[in-house]
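Trainee: sequence unknown, structure follows:
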């Protein structure tokens, strides 16, 4: 956990001396997270990003799909093609129906050793992080977590930029002499690429050779979350969030009411979680949920760097804060220097009127 | 039973400041704490020890001053503190860190008995990678159980453990064999305050201090910068937006007028939003 961000200028490791055995490694891979019959949107976002990297390298973009049902995976593969994949490696095996680290790690490392990708991207989800750490350690290669920017440098090496020190600074990390160069990216950090319906690609099926007797961990049960809205926060079109400027946990009610009137989701800044005002999965910012809604309203949030990094993808940001020098105004498009506790109910009422009157008229 | 808990001493992120000119972290005067996520792992380990008997060994890798965190952990109730410290470890990335810690866990097992469970926090607050726990599991061939919310059952005689863990979109109940590595989810238990006796013992305890060689590490090419496949090329501060927010005039206006002005300007900067909101309000 010590990705010690000390730039080590001039040391031997900084030089690119790719060992002979890695020179055949080509192409960009994206792990397609497929569970309960659905592709996680972060995988499609990564295909968009992977497409750019593959084009820059002049190589192919491949999706990697693991799951239990062959027919369902083939349907999912077409979705990957339509989001930019040239080909999809499909591993269909009933033993891969529910995610378990051991068989997934075994199949993934086998795929990498067989087909030798140069770059391998995964979503920084619960599943992706569990898998990426094990795969990178098995392959003894470099893995950069939670990247916010991916680029190819002049030496054809992946430049992976990520926040460090809880989001106070950014650092750019390279894996010069090992392959594949692995990175994870959180949901919503990259934009969703446009879908090209009907776009075709290839499928390469790969036999897993797994036997249940060899897999030590067994899944006893899966209990789906009841409050599915929490999972929607990252993908909501409208998000309203509160910060310490609300002064008491009761005032979060104003945030919830405005979000409800706008048909959006609500959340808060990190201090609210630390104070126990709300649960951690409502935390907005780079260390919580990254969002890119059409409208983000930050009420009583001063705007620590890690918060700003996590919301700057929003189309429009409205900030309300009593402190005119609050850093949130540096990234907001519209600002009000004022008390969120007084303004939020008025804003809620104004939107309620506009949205209901117009609905009746329409 | 024997349990090993890996902890990390981290700067208290709430108090980190960045030098405005050089863009470097100003470490001086920043207090250090035990990575908060690790405390849930420590508490869970202590609960198991209280139930089944045995010992909890706390392991940390870091500079000599990381002994503060070990003493704090002993003060909370751990039985033994091991500090892994060597200049060869400087500059370790997650892969090199997991190598050194795995070697130390092996040595701890040889010295005081093979641990049934190795715990880590789900991630650290300074690196935020969540990679070292899986890395240690992988290197030691332990079953990997990440984001564990609760331990449902531990059968020492049968050699099995059942846990609930956070998975995508739900909770997964897994049964596996011990020894296993568990990364503990935050907020899953109430971290205890140590007794006065524990705190005093922690302050005075003799810590086990190992350099690379003492931990049984002979191949230094797996350690520190040499053992790290990743290279940090640049550290910089994020850029702000070039233009500042349009401020809504609040002087001599009531809140209704301010809000009307805000909504009018909002629709002006993002004309499609009005339709979007109407559609959403109508439930489409």
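Mentor: Yep, it's here. Bear in mind the structure is a predicted one, so any value in this text is a computation, not a measurement.
Trainee: Please count neighbours and contacts with C-alpha atoms only from this point.
Mentor: Fine.
Trainee: From the structure, what's the count of residues near the nearest residue to residue A:190 once chain neighbours are set aside?
Mentor: Once flanking residues are discounted, residue A:190 sits nearest to residue A:45: 5.8 Å by C-alpha to C-alpha, 6 or more residues apart in numbering or on different chains. For residue A:45, the neighbour count with other C-alpha atoms under 10 Å in any protein chain shown is 23.
Trainee: these two touch, right, residue A:45 and residue A:193?
Mentor: Yes: between residue A:45 and residue A:193 there is a contact at 6.2 Å, judged by C-alpha atoms under 8 Å.
Trainee: residues bridging contact with the two, i.e. touching both?
Mentor: The contact sets of residue A:45 and residue A:193 do not overlap (C-alpha atoms under 8 Å, 6 or more residues apart in numbering or on different chains).
Trainee: Can you give me the end-to-end span of stretch A:30-45?
Mentor: By C-alpha to C-alpha, to the nearest Å, the extent of stretch A:30-45 from end to end equals 10 Å.
Trainee: How far off centre is that stretch?
Mentor: When C-alpha coordinates are averaged (C-alpha atoms, centre = their mean, to the nearest Å), stretch A:30-45 and its chain have centres 11 Å apart.
Trainee: May I see the buried residues of it?
Mentor: Applying a neighbour-count criterion of 16 or more other C-alpha atoms under 10 Å in any protein chain shown, one finds A:30-35, A:39-45 buried in stretch A:30-45.
Trainee: sec struct for the nearest residue to residue B:274 once chain neighbours are set aside, please.
Mentor: Spatial nearest neighbour of residue B:274, excluding adjacent residues (C-alpha to C-alpha, 6+ apart): residue B:267 at 6.3 Å. Assigned by DSSP: H, G, I helix; E, B strand; the rest coil, the conformation of residue B:267 is helix.
Trainee: same question, residue A:276
Mentor: The assignment at residue A:276 comes out as coil when based on three-state DSSP.
Trainee: Check the contact between residue B:61 and residue B:99; I expect there is one.
Mentor: No: counting by C-alpha under 8 Å, residue B:61 sits too far from residue B:99 to count as a contact (11.2 Å).
Trainee: Sketch out the low-pLDDT regions of chain B for me.
Mentor: The model of chain B has pLDDT under 70 over residues B:14-16, B:18, B:20-25, B:27, B:240-241, B:283-284.
Trainee: Grab the longest strand from it for me.
Mentor: Taking DSSP state E as the criterion, chain B has its longest strand at strand B:143-155.
Trainee: So what are the sheet partners of that one and their directions?
Mentor: As defined by DSSP bridges, the strand partners of strand B:143-155 come to strand B:160-167 (antiparallel), strand B:180-184 (parallel).
Trainee: which parts of the stretch 51-200 of chain A sit against chain B?
Mentor: Contact residues (C-alpha under 8 Å from any C-alpha of the partner chain) of the stretch 51-200 of chain A with chain B: A:101-102, A:125-127, A:129-130, A:132-134, A:137-138, A:140-146, A:164-166, A:168-178.
Trainee: Please spell out the PyMOL selection for the buried subset of these.
Mentor: Filtering those down to the buried ones (16+ other C-alpha under 10 Å) takes a single PyMOL command:
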select buried, chain A and resi 101+102+125+127+129+130+132+133+134+137+138+140+141+142+143+144+145+146+164+165+166+168+169+170+171+172+173+174+175+176+177+178
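Trainee: Next step: the residues of the stretch 51-200 of chain A next to chain B restricted to strands.
Mentor: Among these, the subset assigned to strands under DSSP E consists of A:143-144, A:164, A:169-175.
Trainee: Switch these over to a markdown table; also include pLDDT.
Mentor: Converted to a markdown table, those look like this (pLDDT from 0 to 100):
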| residue | pLDDT |
| --- | --- |
| A:143 | 98 |
| A:144 | 97 |
| A:164 | 82 |
| A:169 | 81 |
| A:170 | 87 |
| A:171 | 92 |
| A:172 | 96 |
| A:173 | 96 |
| A:174 | 96 |
| A:175 | 96 |
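Trainee: and the residues you listed, which two are the farthest apart?
Mentor: For those, the farthest-apart pair by C-alpha to C-alpha is A:169 and A:175; their separation is 19.8 Å.
Trainee: Can you name every helix or strand that whichever helix or strand residue A:256 is part of contacts?
Mentor: Secondary structure from DSSP states H and E places residue A:256 in helix A:252-261. Where contact means 3 or more C-alpha pairs under 8 Å, 6 or more residues apart in numbering or on different chains; DSSP states H and E, helix A:252-261 is packed against strand A:238-242, strand A:265-268, helix A:340-361.
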